[in-house]
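Engineer: can you look at this prediction? I've put the sequence above it.
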Amino acid sequence: MIQTLTIQTRGQGLHEFTDAVRGCVRESRIETGLCTLFVRHTSASLTIQENADPSARYDLEQWIRRLVPEEDPHFTHTMEGPDDMPSHIKAALTATSLGIPVVASQLALGTWQGIYLWEHRVRPHSRQVVIHVGGD
């Protein structure tokens, strides 16, 4: 089964969509297999991260901003603003796809793991994530 989710972001940061992926797995009726996610953008990424304590997400967001600051004078790809090239670098350093095992018709996530779209642009965006669930 292949499905495309549209995720509306509020701007930079981690946006959880675990429940939507769980719904796709349920709809697939796959008992054992793999759920693959792919973000169709070059300035956003995907990650699995703690979903219990919001300070973990906050610290990650602050860390990547320090790692790849905006308005670096060495960047030449700036047509869409000062967050343009930094967003591409952040996406290159993180993941554009994830694979999560499906066991007993459930995502095999750990207790505190959530699935996030990581928006690297300052402005809100509409992002597409393609989900493929395959198996038995």
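Structural biologist: That came through fine.
Engineer: distance from stretch 70-84 to the middle of the chain?
Structural biologist: 22 Å (Cα atoms, centre = their mean, to the nearest Å).
Engineer: alpha carbons of it, as PDB, please.
Structural biologist: Extracted in PDB, the C-alpha atoms of stretch 70-84 (Å, rounded to 0.1, in the frame of the first residue of the first chain):
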ATOM      1  CA  GLU A  70      21.500  31.400   8.800                       C
ATOM      2  CA  GLU A  71      23.200  34.200   6.900                       C
ATOM      3  CA  ASP A  72      26.600  32.500   6.600                       C
ATOM      4  CA  PRO A  73      28.600  34.800   4.200                       C
ATOM      5  CA  HIS A  74      30.000  31.800   2.400                       C
ATOM      6  CA  PHE A  75      26.600  30.600   1.100                       C
ATOM      7  CA  THR A  76      25.800  31.500  -2.500                       C
ATOM      8  CA  HIS A  77      22.400  29.700  -2.700                       C
ATOM      9  CA  THR A  78      20.300  32.400  -1.100                       C
ATOM     10  CA  MET A  79      17.600  33.300  -3.700                       C
ATOM     11  CA  GLU A  80      14.800  32.300  -1.300                       C
ATOM     12  CA  GLY A  81      16.100  34.000   1.800                       C
ATOM     13  CA  PRO A  82      18.700  33.500   4.500                       C
ATOM     14  CA  ASP A  83      17.200  30.100   5.600                       C
ATOM     15  CA  ASP A  84      17.500  28.700   2.000                       C
END
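Engineer: list the buried residues for that stretch?
Structural biologist: Buried residues in stretch 70-84, counting neighbours by 16 or more other Cβ atoms under 10 Å, are found at 83-84. Any C-beta I mention is one placed from the backbone N, CA and C, and that applies to glycine too.
Engineer: and the longest helix seen in the chain, average pLDDT?
Structural biologist: Longest helix of the chain, by residue count under DSSP state H: helix 54-67. Across helix 54-67, the average pLDDT comes to 97.
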